[in-house]
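Colleague: Let's see this in three dimensions:
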Amino acid sequence: MQSNLSDQKCRCDWCLGFDAYIRYHDEEWGVPVWDDKKQFEFLILESAQAGLSWSTILKKRSGYHNAFNAFDYKQVALFSETDIQRLLKDQNIIRNELKIRAAVNNASRFMEIQAAFGSFCNYIWDFVDGVPIQNEWKTIQEIPPNNVLSDKLSKDLKQRGFKFLGSTIIYAHMQATGLVNDHLMHCWRYEVVKNLDSAKKG
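Modeller: All right, here's what the predicted structure looks like:
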């Protein structure tokens, strides 16, 4: 573990690159998400991350917010070929055609899950029985890139027509949206996030 020089709080090592990264770690990462729109945002961002670093995506987050209509999945699902070509020229996002087309496709699949389960949150949280998994990692090397649960969830999403959401991407999504608490045990956020595990359910 290392500490940020400004406040000396002990944090997970991966977030110490720049201020926005630290804020993301301190305020969002691992907090249980019970809002469908926020779930969709992270699905787009995590899918965009594939093969890249999260810091790269975080720096472009506002660009994604603008490009994908504030992550309004109903609007994204209606994106036309003209919209896709526009996004392919947008320097504020990752201009990967497969990822962009996957995002548009996934918006429609997202709404199909909402129709079937009442909300996307109902669907995804059912994989952990509605309760965040509290891991107890001491070093960053212990944290897996994926696990049996992310394999299962990714496979189910793929069967439902989602694209560009493999097991590693889905595990990162589970970390970001609080299905698992992967803060290191010595991180100041570990106990804070752990105590949110009963916070529910929008």
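Colleague: This structure: strands as residue ranges?
Modeller: 2-3, 10-11, 133-134, 180-181 (DSSP state E).
Colleague: Let me know which of these is tucked in deepest.
Modeller: strand 180-181 (a mean of 22; mean count of other C-beta atoms under 10 Å). Heads up, the C-betas are built off the backbone N, CA and C, glycines and all.
Colleague: helices or strands up against that one?
Modeller: Contacts defined by 3 or more C-beta pairs under 8 Å, 6 or more residues apart in numbering; DSSP states H and E place strand 180-181 against strand 133-134, helix 188-194.
Colleague: could you dump the last one to PDB, C-alpha only?
Modeller: Only the C-alpha atoms of helix 188-194 are listed here, as PDB (Å, rounded to 0.1, in the frame of the first residue of the first chain):
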ATOM      1  CA  TRP A 188      -9.200   3.200   4.000                       C
ATOM      2  CA  ARG A 189     -12.200   2.500   1.700                       C
ATOM      3  CA  TYR A 190     -12.400  -1.200   2.500                       C
ATOM      4  CA  GLU A 191     -14.400  -0.800   5.700                       C
ATOM      5  CA  VAL A 192     -16.400   2.100   4.300                       C
ATOM      6  CA  VAL A 193     -17.500   0.100   1.300                       C
ATOM      7  CA  LYS A 194     -18.000  -3.100   3.400                       C
END
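Colleague: who touches that helix?
Modeller: Residues outside helix 188-194 that contact it (C-beta atoms under 8 Å, 6 or more residues apart in numbering): 9-12, 25-26, 29-31, 132, 134, 178, 181, 183-184.
Colleague: Just tell me which of the strands of the chain ends up closest to residue 55.
Modeller: Of all the strands of the chain, strand 10-11 sits nearest to residue 55, with 14.5 Å by C-beta to C-beta.
Colleague: Mind listing what's buried along the biggest helix by length in the chain?
Modeller: Across the chain, the longest stretch assigned as helix under DSSP state H is helix 97-117. For helix 97-117, the neighbour count (16 or more other C-beta atoms under 10 Å) marks 99-111, 113-114 as buried.
Colleague: And those residues, which is closest to residue 138?
Modeller: Distances from residue 138 to those, taken by C-beta to C-beta, are shortest for residue 99, at 34.1 Å.
Colleague: Isn't the closest one up against residue 50?
Modeller: Yes: the criterion here is C-beta atoms under 8 Å, and residue 99 meets it with residue 50 at 7.1 Å.
Colleague: Pull up the overlap in contacts between these two.
Modeller: With C-beta under 8 Å, 6+ apart, residue 99 and residue 50 have common neighbours residue 164.
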